[in-house]
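J.: prediction below, plus the sequence it came from.
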Amino acid sequence: MKGFNVEEIRKDFPTLMQKVNGKPLVYLDNAATTHKPISVLNAMQDYYEKFNANPNRGAHFLGVSATELYENARERVRQFINAKSAREIIFTRNATESLNLIAYSYGMKFIDEGDEIVVLISEHHSNIVPWQKIAHMKKAILKYIYLNHEYRLDMEEVQTKITDRTKIVSLAQMSNVLGTIFPVKEIAEYAHSKGAIAIVDGAQSVPHMKVDVQDLNTDFLVFSGHKMLGPMGIGVLYGKKELLEKMPPFLMGGDMIEYVEEQTTTFAELPRKFEAGTPNVEGAVGLKAAIDYIEEIGFENINEQEMELTAYALERLREMPHVKIYGPIDLKDRGGVITFSLEGCHPHDVSTIVDTCGVALRAGHHCAQPLMKYLKAPATSRISFYFYNTKEEVDIFIDSLKRVRKWLGYES
Amino acid sequence: MNLNELYTELILEHSQSGHNRKHLDHANCSERGHNPSCGDDITLELICDEEGTIKDASFTGSGCAISQASTSIMIDLIKGKSKEEAEKLADIFISMIKKEITDDEELEVLEDAIVFKNISNMPPRVKCAVLSWHTLKEALKNKEKS
């Protein structure tokens, strides 16, 4: 890999350098959130030390600088996902808020009784619950596309569920539980052929692969900054300009207005129409620094490192008795997320026991209860990689996992 | 944290043995308790007689070793006790986990359940340990109303 040295990279991440329970931290919970490089932390500190002002108002030096930094971040995000215009980039708190914005603004205006909203059974709760609410309020129908036995999509099932009555198709590009990468471009195309719009949840994909909104021809893309080296509390909503312009504002207040009379208000143009209140400039600055870092490493290197780790972890897990993997075994269209169960062991016990070896993994239903029910798996454990993980860490994880059944009183 | 203090023989014995894990045919009080975030889900069943004595108790459901053992140990403790006594024990247990009661002499009435004392040092596992005790309190409260 050109210029890729994982040991050098790790030095950029102070949190990865510490010990947990007396052992070096082995952080395998990157699908939940990632750690931050020094450059991101410095960019945010720098912002507060030198600028810190409320953007979009006031003509003083700091106010103008804060506005510039905020808008530079928006332009950086535009380049990163190849949107046509920076006005198509709305800053939110996270992917969840972005999805809620679409549901409450687009959904409440354009969904009518009997219309269909289609999602995958593997969606995160954030891409299910807002649609349940809209379907309930509008007497619309929420439909699920189910997966095949390889945890992938059959286009036949897609074509059965998306019909002429479908108005919205919303799906994650990569499952946060299974690691499956879904063919969102094909699905968006099919949705469009039926007159529906396509929403792509990129929370798990955008940090790990090049996502080009024009190439995918998706109507909306949402993602979170904190899952891609950025700070918590900053997220992105991309929307095609012609759709965003038709949509009513989601939150009302300062910054999103033009003229306010006693009883009426006209709203600001995009993107400010959707950004009520003082924005998270610190977060936007941090997100920009995170994008800079990711592009410096390069998606090719990121993918190569993550796939090597995923292949190795899958191989080691499959050698272990009592382990069941939920997700594709082949590496094609698959990301670095592996969900598994250990026979007879509740995932919370698994998590506690491996934690004593310094290993951080996720236990539970991973915010995807309908999927866990569909898979008949009450609760599972999950490891998820980022480019800063190493093969040695996989070994430490496997060794710690081997201890679990003994601690719980099993012979082997 | 020392795993030996967490996964003690007593806890493992109770989490794996099925002696309190069954359905009671003539239960006159039943209550479900669950921790949605981690998937512990139990249903507690009681048979209370006219005088308010808990004649029998059992549970069904699934969850981690801590939640299952805590439920089973609680059932052993409350069988034969009056509803008031059981409620008092639940309060003492919850106070122990909250570190409001730390004196071992005061905790003696909890018998085997004292084994969970160290859970108070492990915030992520506290809700596993207290689930059944909260469920018991709910069950007794609802029984009162009916």
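T.: Received, thanks. Because the structure is predicted, anything quoted here is derived from the model rather than measured.
J.: what's the closest residue in space to A:His192 that isn't next to it in sequence in contact with, if anything?
T.: Closest residue to A:His192 apart from its sequence neighbours, by CB to CB, 6 or more residues apart in numbering or on different chains: A:Ala198 at 6.9 Å. Quick note: C-beta positions are derived from backbone N, CA and C, even for glycine. Shown in contact with A:Ala198 (CB atoms under 8 Å, 6 or more residues apart in numbering or on different chains): A:Val169, A:Ser170, A:Leu171, A:Val184, A:Ile187, A:Ala188, A:Ala191, A:His192, A:Asn217, A:Thr218, A:Asp219, A:Phe220.
J.: among the residues you listed, which lie within helices?
T.: Counted as lying in helices by DSSP state H, out of the contacts of A:Ala198, are A:Val184, A:Ile187, A:Ala188, A:Ala191, A:His192.
J.: ok, so of those residues, who is nearest A:Val206?
T.: A:Val184 (11.8 Å; CB to CB).
J.: could you dump the contacts of A:Ala198 to TSV with pLDDT, distance to A:Glu300 and neighbour count?
T.: Output for the contacts of A:Ala198, formatted as TSV (pLDDT from 0 to 100; distance: CB to CB, whole Å; neighbours: other CB atoms under 10 Å in any protein chain shown):
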residue	pLDDT	distance to A:Glu300	neighbour count
A:Val169	98	30	29
A:Ser170	98	29	27
A:Leu171	98	26	25
A:Val184	98	21	25
A:Ile187	98	25	25
A:Ala188	98	25	21
A:Ala191	98	30	25
A:His192	98	30	15
A:Asn217	98	24	14
A:Thr218	98	23	28
A:Asp219	98	28	25
A:Phe220	98	27	26
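J.: what's the most distant pair in the residues you listed?
T.: Checking those with CB to CB, the most distant pair is A:Ser170 and A:Asn217, at 15.1 Å.
J.: just name the shakiest helix or strand of chain B by mean pLDDT.
T.: Each helix and strand of chain B was given a mean pLDDT (mean pLDDT, DSSP states H and E); the minimum falls on helix B:3-6 at a mean of 86.
J.: residues near the closest residue to chain B within the stretch 101-250 of chain A, how many?
T.: At 10.9 Å from chain B, A:His125 is the closest residue in the stretch 101-250 of chain A, using CB to the nearest CB. Neighbour count for A:His125, taken as other CB atoms under 10 Å in any protein chain shown: 16.
J.: cool, the one 5 residues further on as well?
T.: The number of residues packed around A:Pro130, counting by other CB under 10 Å, is 20.
J.: what's the mean pLDDT across the helix or strand that it is a member of?
T.: For A:Pro130, the element it lies in under DSSP states H and E is helix A:129-138. Here helix A:129-138 scores 98 as its mean pLDDT.
J.: ok, and what's touching the longest helix seen in chain B?
T.: For chain B, the helix with the greatest residue count under DSSP H is helix B:123-145. For helix B:123-145, contacts defined as CB under 8 Å, 6+ apart pick out A:348, A:351-352, B:6, B:28-35, B:37-38, B:40, B:42, B:44, B:46, B:48, B:59, B:63-64, B:66-67, B:70-71, B:74, B:78, B:83, B:86-87, B:90-91, B:93-94, B:97, B:116, B:119-120.
J.: mean confidence for that helix?
T.: Mean pLDDT, helix B:123-145: 92.
J.: could I get it in CSV with only the CA atoms?
T.: Output in CSV follows, covering the C-alpha atoms of helix B:123-145 (Å, rounded to 0.1, in the frame of the first residue of the first chain):
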residue,chain,number,x,y,z
PRO,B,123,-22.1,0.6,35.9
PRO,B,124,-22.8,-1.1,32.6
ARG,B,125,-24.0,-4.3,34.4
VAL,B,126,-26.0,-2.7,37.2
LYS,B,127,-29.3,-2.9,35.2
CYS,B,128,-28.7,-6.6,34.6
ALA,B,129,-28.5,-7.2,38.3
VAL,B,130,-31.5,-5.1,39.4
LEU,B,131,-33.9,-6.1,36.7
SER,B,132,-35.6,-9.0,38.5
TRP,B,133,-35.8,-7.0,41.8
HIS,B,134,-37.6,-4.1,40.1
THR,B,135,-39.8,-6.6,38.3
LEU,B,136,-40.7,-8.1,41.7
LYS,B,137,-41.6,-4.7,43.1
GLU,B,138,-43.8,-4.0,40.1
ALA,B,139,-45.5,-7.4,40.4
LEU,B,140,-46.3,-6.9,44.1
LYS,B,141,-47.5,-3.3,43.4
ASN,B,142,-49.9,-4.5,40.7
LYS,B,143,-51.1,-7.4,42.8
GLU,B,144,-52.0,-4.9,45.5
LYS,B,145,-54.1,-3.0,43.0
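J.: report the buried residues of that helix.
T.: B:125-137, B:139-140, B:143 (16 or more other CB atoms under 10 Å in any protein chain shown).
J.: for A:Pro279, pull up the helix or strand it's in.
T.: Judged by DSSP H and E, A:Pro279 forms part of no helix or strand.
J.: look at the spatially closest residue to A:Phe220 that is not a sequence neighbour and say how many residues are nearby.
T.: Sequence neighbours aside, A:Ile199 is the residue nearest to A:Phe220 in space, at 4.4 Å (criterion: CB to CB, 6+ apart). Residues near A:Ile199, counting by other CB under 10 Å, number 29.
J.: so A:Ile199 touches A:Leu216, yeah?
T.: No - counting by CB atoms under 8 Å, A:Ile199 does not reach A:Leu216; the two are 11.1 Å apart.
J.: now do the contacts for A:Ala276.
T.: Counting by CB under 8 Å, 6+ apart, the residues that A:Ala276 touches are A:Pro249, A:Phe250, A:Leu251, A:Met252, A:Gly253, A:Gly254, A:Asp255, A:Met256.
J.: cool, and B:Ala27?
T.: By CB under 8 Å, 6+ apart, the neighbours of B:Ala27 are B:Glu45, B:Leu46, B:Ile47, B:Ser58.
J.: for A:Ala86, give me its contacts.
T.: Contacts of A:Ala86 by CB under 8 Å, 6+ apart are A:Glu71, A:Arg74, A:Glu75, A:Val77, A:Arg78, A:Pro271.
J.: still on that earlier bit, so which helix or strand takes in the residue nearest to A:His192?
T.: Per DSSP H and E: strand A:197-201 holds A:Ala198.
J.: and that strand, which strands flank it?
T.: Strand A:197-201 pairs in its sheet with strand A:166-172 (parallel), strand A:220-224 (parallel), by DSSP bridges.
J.: got the angle for the first one vs helix A:184-193?
T.: Interaxial angle, strand A:166-172 versus helix A:184-193 (axes from the mean of the first three to the mean of the last three CA atoms, to 10 degrees): 170 degrees.
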